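J.: Got a sequence here, can you model it:
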Amino acid sequence: MRNMNKKSYIRLYTVFICYSLIWTYGIAIAEAQNLTDERTILKIGTMDLPPYGWKDSHHEKHGIIYELNQEIGIRSGVSFTNVILPPNRMYHFLKNGKIDLISSQAHQAALDAGDKLAIQFNINVIAVTKKGSGIQKIEDFKGKNLIYHHSASYSQLEGLPQNIQRVKSYRQILELLYFRPHKDGAVFSEPAYYYWMQAMGLTPADFGKIIMIERDKEQWIFVRKGLPHKIRIILKQIVEDIYRENLYEELLKKYGKK
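T.: Residues are numbered from 1 along each chain as shown. This is a model prediction of the structure:
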């Protein structure tokens, strides 16, 4: 009984600490907003790109980044919104101050739209090869036909492929690689490959070797350029706490990685 009481006490203490931190973050953000005459709603934008963010046929929201961004909003302790947006609109809204916070890799569109705050998670970029292609390493892509997401570029593969076909969705990338001849490989962010392979009822046995293109590529939280410094400090701490807890890895498994 004594052990049970001790465990119950530890659980209650942990819950108390968590709620205390959320309350503290919320009070601090609200005070910072009042001092700077800012609105009291934190506006978050999530990119419309499965498995990172999307709305289903019932308008329910899902996705790895969507859930990570929700956690930021919850821990902020203030009212917040988290909208799913097409990529270009998301960057446009951040730049114009219509949203406060997004998740993005540090490419030019994001750097033009806002300011880096903190690393949200690290993501692997992989190339999935055609079954029977015999490709074993990056150099084997020389003279081959690859499929990229339309906005992607990879310095590690520069000058190697004979042809690059660009498409707008990761699902289409996997479909082309699996169903079409004369496609030697396709480049994915790791979560997209696992998610769409599962969604399409495929397995790793349906493809060839997976080649690591870039390990631990940084995914950043960006904030709008006019966001007050005090609020940035608080949000940065929240993002860093979530990063240390490795919530991304849990969501990676939830959305397809075995």
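J.: Tell me where this structure has strands.
T.: With DSSP state E as the criterion, the chain has strands at 41-47, 54-55, 61-62, 79-85, 101-105, 115-129, 145-149, 163-167, 185-189, 210-223.
J.: So which of these has the densest surroundings on average?
T.: Comparing the strands of the chain by mean neighbour count (mean count of other C-beta atoms under 10 Å), strand 185-189 comes out on top with a mean of 25. Backbone N, C-alpha and C define where each C-beta goes, glycine included.
J.: what angle do that strand and strand 145-149 make?
T.: Our comparison of strand 185-189 with strand 145-149, counting by axes from the mean of the first three to the mean of the last three C-alpha atoms, to 10 degrees, yields an angle of 20 degrees.
J.: check contacts around residue 176.
T.: 147, 165, 167, 183, 186 (C-beta atoms under 8 Å, 6 or more residues apart in numbering).
J.: ugh, wrong one, residue 159
T.: Contacts of residue 159 by C-beta under 8 Å, 6+ apart: none found.
J.: what's the distance between residue 223 and residue 70?
T.: Using C-beta to C-beta, to the nearest Å, residue 223 is found at 17 Å from residue 70.
J.: Now do the same contact list for residue 254.
T.: residue 64.
J.: next one: residue 135
T.: Residues in contact with residue 135 (C-beta under 8 Å, 6+ apart) are 129, 141, 144, 184-185, 208-209, 211.
J.: correct me, but residue 99 touches residue 90?
T.: Yes - contact criterion C-beta atoms under 8 Å: residue 99 and residue 90 qualify, at 7.4 Å.
J.: Now list whatever residues contact both of those two.
T.: With C-beta under 8 Å, 6+ apart, residue 99 and residue 90 have common neighbours residue 45.
J.: In the protein, where is pLDDT below threshold?
T.: 1-40 (pLDDT under 70).
J.: Geometric centre of it: which residue is closest?
T.: By C-alpha atoms, centre = their mean, the mean C-alpha position of the chain lies nearest to residue 65, the distance being 4.1 Å.
J.: show me what contacts that residue?
T.: Residue 65 touches 46-47, 52-53, 103, 120, 219, counting by C-beta under 8 Å, 6+ apart.
J.: if you set the cut-off to 10 Å instead, what comes out?
T.: By C-beta atoms under 10 Å, 6 or more residues apart in numbering, the contact list for residue 65 reads 46-47, 49, 51-53, 82, 84, 102-104, 120-121, 191, 219, 248, 251.
J.: mind listing what residue 132 touches?
T.: Residue 132 neighbours (C-beta under 10 Å, 6+ apart): 207-208.
J.: returning to that earlier point: may I ask which two of the contacts of residue 135 are separated the most?
T.: Across the contacts of residue 135, the longest distance by C-beta to C-beta is 13.1 Å; it joins 144 and 209.
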